[in-house]
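Engineer: Based on what follows, work out the 3D shape:
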Amino acid sequence: MKMHKTIHVAQLIATAGAVVDSDFVAKSRASKEALKSANLLKSLNLNALIVGQKGVGKKSLARYTLDAPISDGLTQNELIKALEINDKLIIKNFDKISNFAKIKNAIDANKNKIIATSQNELDSRIEDDFFSIKIHLPPLKERREDVKQFIEIFYKEAQEIFTNKTYDFDFDDIEVDLSENIYSLKRSVYIAYMNSTLTQKDIQNMLEKFLFHRLGGGNDYRELLPIFDIPLIKSGFKKFGSQLSISRALGINRNTLRKKINEYGLEG
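Structural biologist: Okay, here's the model as predicted:
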């Protein structure tokens, strides 16, 4: 009977040294532990599984761990061919494989070293059959130190792509969206950067195109008015603090303002 050899992450961490990598951001404790495990894996002929949500950095960690082509578990025939011609392979979407037994036979026959990534947990029997090591990458909302580093990276990317100018805004003021991890975070930073560069004309042009595709519903003025009202009132709360100050600054009756605040649920 085959005995499964499991090496726990804690064991790997205890034996691995400090590491620095430019592709896989490792500022949080969880990311540093994952990276230490990856460093040790480089010198071991063991197969490993990296599990985590979409956009948490699984592929970056896999590529750092193993210099190898990437194949997809969704395309089984192509995956088998890749296993036949590569002694090392990264397999993404490992949880989407339709016939694990067939892939296991191919790996055993070709003696491949593999690093696999999966968005979902696997059946424990499948994990035991394929892997000696499992690394779990938590979502970015649990890795706040990484988020800050990513914000700085994406800001520099946006700067190079759009204007190559530096705009002074506080990274802490960015409305960060971590619902899709790296993907939504990057979008948040790009939007924040673009907001700092937009002119009034740019905003008018965007609104014109946005409104053009939404006109024709019969009650457009009332339905589209929140697009203007909500950001105006929210920015008023941020800048002036009180309803009285907002009504004075905007030149709007206080009762009218109060009605809009209640309608939109915008208590300061």
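Engineer: Packing partners of the top helix by length along the chain?
Structural biologist: Assignment by DSSP state H gives helix 220-240 as the longest helix of the chain. When contacts are defined as 3 or more CB pairs under 8 Å, 6 or more residues apart in numbering; DSSP states H and E, helix 220-240 sits against helix 200-212, helix 243-250, helix 254-264. C-beta: built from backbone N, CA, C; applies to glycine.
Engineer: pLDDT below threshold where in this protein?
Structural biologist: Within the chain, the segments meeting pLDDT under 70 span 1-22, 164-172, 268.
Engineer: sorry, back to before: right, so of the helices and strands packed on helix 220-240, which gets closest to L83?
Structural biologist: Closest approach to L83 among the helices and strands packed on helix 220-240 is made by helix 200-212 (48.5 Å; CB to CB).
Engineer: orientation of that closest one relative to helix 220-240 in degrees?
Structural biologist: Relative orientation of helix 200-212 with respect to helix 220-240: 140 degrees, computed using axes from the mean of the first three to the mean of the last three CA atoms, to 10 degrees.
Engineer: So for helix 200-212, what gets flagged as buried?
Structural biologist: Buried residues in helix 200-212, counting neighbours by 16 or more other CB atoms under 10 Å, are absent.
Engineer: can you give me the offset of that helix from its chain's centre?
Structural biologist: Relative to its chain's centre, helix 200-212 lies at 29 Å (CA atoms, centre = their mean, to the nearest Å).
Engineer: Please apply the same query to stretch 30-46.
Structural biologist: 21 Å.
Engineer: Now do the buried residues in that stretch.
Structural biologist: Under the neighbour-count criterion of 16+ other CB under 10 Å, stretch 30-46 has A30, S31, K32, E33, A34, L35, K36, S37, A38, N39, L40, L41 buried.
Engineer: just the helices in the stretch 1-150 of the chain please.
Structural biologist: 9-15, 29-41, 58-65, 76-85, 100-110, 124-130, 144-158 (DSSP state H, counting those that start in this stretch).
Engineer: Using a markdown table, lay out the ones you listed together with distance to S179.
Structural biologist: Listed next are the helices of the stretch 1-150 of the chain as a markdown table, based on distance: least, CB to CB, whole Å:
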| stretch | distance to S179 |
| --- | --- |
| helix 9-15 | 27 |
| helix 29-41 | 19 |
| helix 58-65 | 17 |
| helix 76-85 | 30 |
| helix 100-110 | 31 |
| helix 124-130 | 28 |
| helix 144-158 | 13 |
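Engineer: What distance do you get for the residue most central in space within the chain to F94?
Structural biologist: By CA atoms, centre = their mean, the chain has its centre lying nearest to I182, at 1.7 Å. From I182 across to F94, the span is 20 Å (CB to CB, to the nearest Å).
Engineer: I would like the residues contacting stretch 215-227, please.
Structural biologist: Stretch 215-227 has contacts (CB atoms under 8 Å, 6 or more residues apart in numbering) with L207, F210, L211, R214, Y264.
Engineer: In CSV: these, plus distance to I174.
Structural biologist: Converted to CSV, these look like this (distance: CB to CB, whole Å):
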residue, distance to I174
L207, 22
F210, 22
L211, 26
R214, 27
Y264, 23
